[in-house]
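Peer 1: Build me a model from this:
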Amino acid sequence: METDRGIINVEDLIGKKYGDFVLTSLNVKAYLLKPSISDYIEKFRRITQVIYPKDLGFIVFKSGISSGSIVVEAGTGSGVLTATLAYYVRPNGKVYTYEVRKEFIEIAKSNIKMAGLEKYVVFKNKNIEEGIDEENVDAVFFDLPMPWRLVEVAYKALKASGTLTIFVPTMEQLLKTINSLRQHKGFVNIEAYDTLLRLYKTVPGEIRPMTWTVAHTGYIVFARKVVI
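Peer 2: Predicted structure coming up:
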C-alpha cells in the first residue's frame, strides 16, 4: 500500500489490533485505527454533489433522530446522508430512501454496504412526488431540487410532532421552501440555517486557521408537524 509517507506492507497488519502501528518503508509509524462513519463516507464513490460533514452533524442533531427512529429520505444520490441517518437509527431503526435513478441506487447500495449499514436501509426506486409508502414516521429528509412541492407529501407521512428537514443550495430554493411551509399551516418551528466550520492547522508553532476552508454549502430548513 503506497502512501505519502512510504509503503505499508499489508502483511504487517496481520495480528495487529486497533491502536497498534506498523512501520512504513520510510520508517514512519502508521497507526491502525477503527474506521468511523466519517472515514467510510470519505471513501464513498460520489456521482452527485453531497452534503458535507459540517451539515450532516447539525442535521442529525436538529432532526432529533436516535436509535430506533423510522425515517424517510428522498434524493438518495451517493448515499452520504443515507449512511449518516442509518448509523444513528441503528440497531432498531430503519431508513427508507427514495431515488428515481436506478444507477444512483446501485452506487448508493455499494457505498452503504461498504460502511456495514445495509441492514438498516430500504431502497425504493420511486418518484417521491407519487407519495411516501410509510406512515407515522419520526422524520422526513429532502435533498431535492424542488422540495416546496413535497410539503404535503411529507406531512402525510410524518407522525404528529415529527421533523421535516430540507437541504437546498440556493437562496431562491430557500425562499420557496419557507413560503410553502408557511402556507401549509401544518408545520411550526420553521427554522433555516447556514452552517460554517473552520479547520485549524495543529502543527506546534503554526497553529492557525487552514488557508482553504469550506464556506457556504447549502441552507438547512427544519419544521415540526402539528395537527390541523
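
Peer 1: Report pLDDT for the most centrally placed residue in the chain.
Peer 2: With distances taken as C-alpha atoms, centre = their mean, residue 81 lies nearest the centre of the chain, 2.1 Å away. pLDDT, residue 81: 98.

Peer 1: Domain boundaries for this structure, per the record?
Peer 2: Here the domain parsing of the chain from automatic domain parsing is 2-31, 37-225.

Peer 1: Pick the most deeply packed of these.
Peer 2: The highest mean neighbour count among those, using mean count of other C-beta atoms under 10 Å, belongs to domain 37-225: a mean of 18. C-beta coordinates here come from the backbone N, C-alpha and C atoms, glycine included.

Peer 1: Looks like residue 135 contacts residue 155 (just checking).
Peer 2: No - assessed by C-beta atoms under 8 Å, residue 135 is found out of contact with residue 155, at 11.6 Å.

Peer 1: Quickly run through the sheet partners of the lengthiest strand in the chain, with directions.
Peer 2: Longest strand in the chain by number of residues (criterion: DSSP state E): strand 158-168. Strand 158-168 has the following sheet partners, assigned by DSSP bridges: strand 137-142 (parallel), strand 219-225 (antiparallel).

Peer 1: which outside residues touch the helix or strand bottoming out on mean pLDDT in the chain?
Peer 2: Here the helix or strand of the chain ranked lowest by mean pLDDT, DSSP states H and E is strand 2-3, holding a mean of 88. Strand 2-3 is contacted from outside by 24, 30, using C-beta atoms under 8 Å, 6 or more residues apart in numbering.

Peer 1: who does it pair up with?
Peer 2: Assessed with DSSP bridges, strand 2-3 is paired to strand 6-7 (antiparallel).
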